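Novice: This is the structure alone, sequence omitted:
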């Protein structure tokens, strides 16, 4: 089906997520491309000559060698996403806020420093918990690879 009415790309959740993705992708691409360029092409050619299809080459040769840079990309994205301020502020609607925006509002607009400090601690706790979960998941996946 064709789009029958204009899509609202400003002041919404979709635009905020799209803007944040637009900010994160260059850093992820930089880290991943630097690692992918260091992978020896002979390994890929050898895997192909042993009868592996392209998906098997990726899963059995490329992914284990680039897993560490994939973890770095995940954490870069997590840091940018947790501290999302500019993109949701300018592209999102006033009803949609991130914890970073609420911390800024409490500290600078409402002059409610204790609440801003509590929200900052909450953001840090969520970030730390997410990092610990991701680290344990990465260890499990690394054993599987």
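Specialist: Yep, that arrived. Since this is a predicted model, take the numbers as computed values, not measurements. Numbering: from 1, shown residues only.

Novice: use CA for all of it now, contacts and neighbours both
Specialist: OK.

Novice: Show me what the lowest-mean-pLDDT helix or strand in the chain is packed up against.
Specialist: Ranking every helix and strand in the chain by mean pLDDT, DSSP states H and E puts helix 86-91 at the bottom, with a mean of 84. Under the contact definition 3 or more Cα pairs under 8 Å, 6 or more residues apart in numbering; DSSP states H and E, helix 86-91 sits against helix 13-36.

Novice: Repeat the analysis, applying 10 Å as the threshold.
Specialist: helix 13-36, helix 99-104 (3 or more Cα pairs under 10 Å, 6 or more residues apart in numbering; DSSP states H and E).

Novice: Mind listing residues that contact it?
Specialist: Contacts with helix 86-91, where a contact means Cα atoms under 10 Å, 6 or more residues apart in numbering, come from 9-23, 92, 94, 96-98, 100-101.

Novice: Stretch 67-75 too?
Specialist: 24-25, 27-36, 63-64, 76-79, 81, 130-131, 134-135, 138, 141-142, 145.

Novice: If we ignore the residues flanking it in sequence, what's nearest the residue most central in space within the chain?
Specialist: In the chain, the C-alpha nearest the mean C-alpha coordinate belongs to residue 77, at 2.7 Å (Cα atoms, centre = their mean). Leaving aside its sequence neighbours, residue 77 sits nearest to residue 24 (Cα to Cα, 6 or more residues apart in numbering; 6.2 Å).

Novice: count of neighbours near the one you found?
Specialist: Here the number of neighbours of residue 24 (other Cα atoms under 10 Å) works out to 18.

Novice: For it, give me its contacts.
Specialist: Residue 24 sits in contact with 18, 73, 76-81, where contact means Cα under 10 Å, 6+ apart.

Novice: Adding secondary structure, write these out as CSV.
Specialist: What follows is the contacts of residue 24, written out as CSV (DSSP: H, G, I helix; E, B strand; the rest coil):
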residue, secondary structure
18, helix
73, helix
76, helix
77, helix
78, helix
79, helix
80, helix
81, helix
